[in-house]
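Chemist: Have a look at this fold, sequence not included:
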Ligand code: F6R
């Protein structure tokens, strides 16, 4: 949830850390801080609120040094106030720590340390880590920061990403990863090294990075780094080259990252399809899935696990995989799945969908699947993330960094990835002839252009948003493959505009929700020309009969719908399976424009974080 940045080298660490935090601020942002080693002491500057507050504080009380760590926090234990912001100093000021994760046994540890005379200054669980390190440094570790950290983290329950700096050994940073509380990337440069919880933080400085696995530690100095297991064994790890272009993480002409990312989708979908369809031979090629035809034929069902927007994407993928590969698909929330003692074996493929690749619930579901012998796949955006590494095979979204907290281009690219997966499974399992694949692939090839045409609705949607932004409740209705889009449309609206919105399968209206409808209720109905079109028209009529304001998403050329709905947004025609991609683009724009009109903080909505690494 939080962001970590560290630097050791020859330059002033402060601007590097602050710029890195700026790029990570989207992950969590209720307080922020930085610690530097300078003049034989560790100096800490922290502030509640956003990074701008810390910048002001550093200007007022300057600090500099060639080694330091920084953190943006999303509160789990203790209010978002200055004393709870990271970095946390040990009682004697010898060590300082930044941390992502939750120390599950912190109360117990805090009691023990307090009984030994340790005085705590914050309400956080993190502070026990630094106090333990100081304690072990004097008892057993002989002042060595890596050894003291190793001993301290063995006392902790839970998942953690930790970076430690020491006044006694000010030439090094020590980073530890345990479980899935977020990643630790070590970036290499000339006479300098970087540490970050997330790649974009340091991408301006280096494209060469290695990633800690769980229960590994990095000892990072100006001219060297060493990776060890927590047992103390050396690990041979070489940096990988990370291809992201940092330019694509800059807002450019757009007012918000979310807006930029919505408009990026014609490009990102093109990148997702790129190189994966052999149009000449009517074949799909997904080498990173590591799947043979023989193994594909052994699969009897697919279980998709994901959270939030990625879960809704999985609900759409179910239609693809069932229809194109003739495999049963179950879709479940990562947070629910692992507590059900699910029935899994080698005939099940578990597909995890996660933009960040670090969502703790989704990762836990993947681990459960692996322990039970299932085949584990992931669809991920963050290159090098845990979900990519622990899967037997993966498909990358190729969406580029998504900075806006509300997911947009990661949603559509993950839908496209599942379409490719379904075609690939259909092909390997002998369920789709080359001719059928050619027809589906051609529809896919036209999709980026149709997304571009859908984006031309921008002006009409802004106008519509001006008319409806002040309502306090919205209902989104869809059926079949567009029902998940009703859910996703409602989620987008609620998370960025704070308007209460619900998505419903339209056929369920009469079983309860219709009671909500009156003239104060805008109803967004996805009524495309598909096999449930007539049924959607009748739902619209029922809503209108109760004075709802109906906003319909319709297929170009449909004149009937104009007579039924108050507002119509026309989408280009495409295959029914791919229509959700166009519908969602229109609903993303609607949510965006409503939120902007209400003056909401679109890119960093309250209470949310980009990467959810706590349960
Ligand atoms: C909503 C949103 C979240 C994420 C969810 C899972 O716009 O972004 O609902 O989809 O937190 O995140 P990932 O895909 O990183 O696992």
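Modeler: Received the coordinates, thanks. Treat the numbers as computed from the prediction; the structure is a model and nothing was measured.
Chemist: Any stretches of the stretch 51-200 of the chain with poor pLDDT?
Modeler: Along the stretch 51-200 of the chain, the model assigns pLDDT under 70 to residues 76, 180-182.
Chemist: for the chain, same thing?
Modeler: By pLDDT under 70, the low-scoring segments of the chain are 1, 25-29, 76, 180-182, 243-253, 608-615.
Chemist: interface residues of it facing the ligand?
Modeler: With Cβ under 6 Å from any ligand atom as the criterion, the chain meets the ligand at residues 307-310, 354-356, 359, 362, 406-407, 491, 495, 612. All C-beta atoms are positioned from the backbone trio N, CA, C, and that covers glycine.
Chemist: With neighbour count as extra columns, can I get those residues in TSV?
Modeler: Shown next, in TSV, are the residues of the chain next to the ligand (neighbours: other Cβ atoms under 10 Å):
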residue	neighbour count
307	23
308	23
309	22
310	26
354	33
355	30
356	26
359	27
362	32
406	29
407	27
491	23
495	23
612	23
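Chemist: Closest one of those to the ligand?
Modeler: The ligand lies nearest to residue 308 out of the residues of the chain next to the ligand, by Cβ to the nearest ligand atom, at 1.9 Å.
Chemist: Taking the centroid of this structure, which residue is nearest it?
Modeler: The centroid of the chain falls nearest to residue 356 when counting by Cα atoms, centre = their mean (3.4 Å).
Chemist: Identify the residues contacting residue 408.
Modeler: 258, 261-262, 265, 402, 492, 588 (Cβ atoms under 8 Å, 6 or more residues apart in numbering).
Chemist: are any of those residues buried, and which?
Modeler: For the contacts of residue 408, a burial check counting by 16 or more other Cβ atoms under 10 Å picks out 258, 261-262, 265, 402, 492, 588.
Chemist: from the residues you listed, which ones fall inside helices?
Modeler: Of the buried ones among the contacts of residue 408, the ones assigned to helices by DSSP state H are 258, 261-262, 265, 492, 588.
Chemist: Out of the residues you listed, which two sit at the greatest distance?
Modeler: Farthest apart among those by Cβ to Cβ are 265 and 492. That separation is 13.6 Å.
Chemist: and the nearest residue to residue 428 once chain neighbours are set aside, helix, strand or coil?
Modeler: Of all residues not flanking residue 428 in the chain, residue 296 sits nearest, at 3.7 Å (Cβ to Cβ, 6 or more residues apart in numbering). When classified by DSSP: H, G, I helix; E, B strand; the rest coil, residue 296 comes out as helix.
Chemist: Could you verify my assumption that residue 296 touches residue 431?
Modeler: No. Residue 296 lies out of contact with residue 431 (Cβ atoms under 8 Å); the separation is 10.0 Å.
Chemist: neighbour-wise, which of the two wins?
Modeler: Neighbour count, other Cβ atoms under 10 Å: between residue 296 and residue 431, residue 296 has more, with 21 against 17.
Chemist: What separation do you get for that one and the ligand?
Modeler: Distance, residue 296 to the ligand, using Cβ to the nearest ligand atom, to the nearest Å: 25 Å.
Chemist: re the thing from before, the residue nearest to the centre of the chain is in contact with residue 384, isn't it?
Modeler: No. Here residue 356 does not reach residue 384: they are 11.6 Å apart, not a contact under Cβ under 8 Å.
Chemist: quick check: longest helix of the chain.
Modeler: As assigned by DSSP H, the longest helix anywhere in the chain is helix 434-455.
Chemist: For that one, which outside residues touch it?
Modeler: By Cβ under 8 Å, 6+ apart, the surrounding residues in contact with helix 434-455 are 262-263, 265-267, 269-270, 273, 277, 279, 281-284, 324, 412, 416, 419-420, 423, 426-427, 432, 571-572, 574-575, 577-578, 581-582, 585-586, 589.
Chemist: dump the residue contacts of the closest residue to residue 462 other than its chain neighbours.
Modeler: Spatial nearest neighbour of residue 462, excluding adjacent residues (Cβ to Cβ, 6+ apart): residue 593 at 4.8 Å. Residues near residue 593 by Cβ under 8 Å, 6+ apart: 461-462, 464-466, 469.
Chemist: What of residue 273?
Modeler: Residue 273 neighbours (Cβ under 8 Å, 6+ apart): 416, 420, 444-445, 447-448.
Chemist: need those residues in TSV with neighbour count and distance to residue 14, can you?
Modeler: Output for the contacts of residue 273, formatted as TSV (neighbours: other Cβ atoms under 10 Å; distance: Cβ to Cβ, whole Å):
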residue	neighbour count	distance to residue 14
416	30	41
420	23	44
444	25	47
445	13	48
447	25	45
448	20	42
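Chemist: which of the contacts of helix 434-455 count as buried?
Modeler: Buried, going by 16+ other Cβ under 10 Å: 262-263, 265-267, 269-270, 273, 277, 282-284, 324, 412, 416, 419-420, 423, 426-427, 432, 571-572, 574, 577-578, 581-582, 585-586, 589, out of the contacts of helix 434-455.
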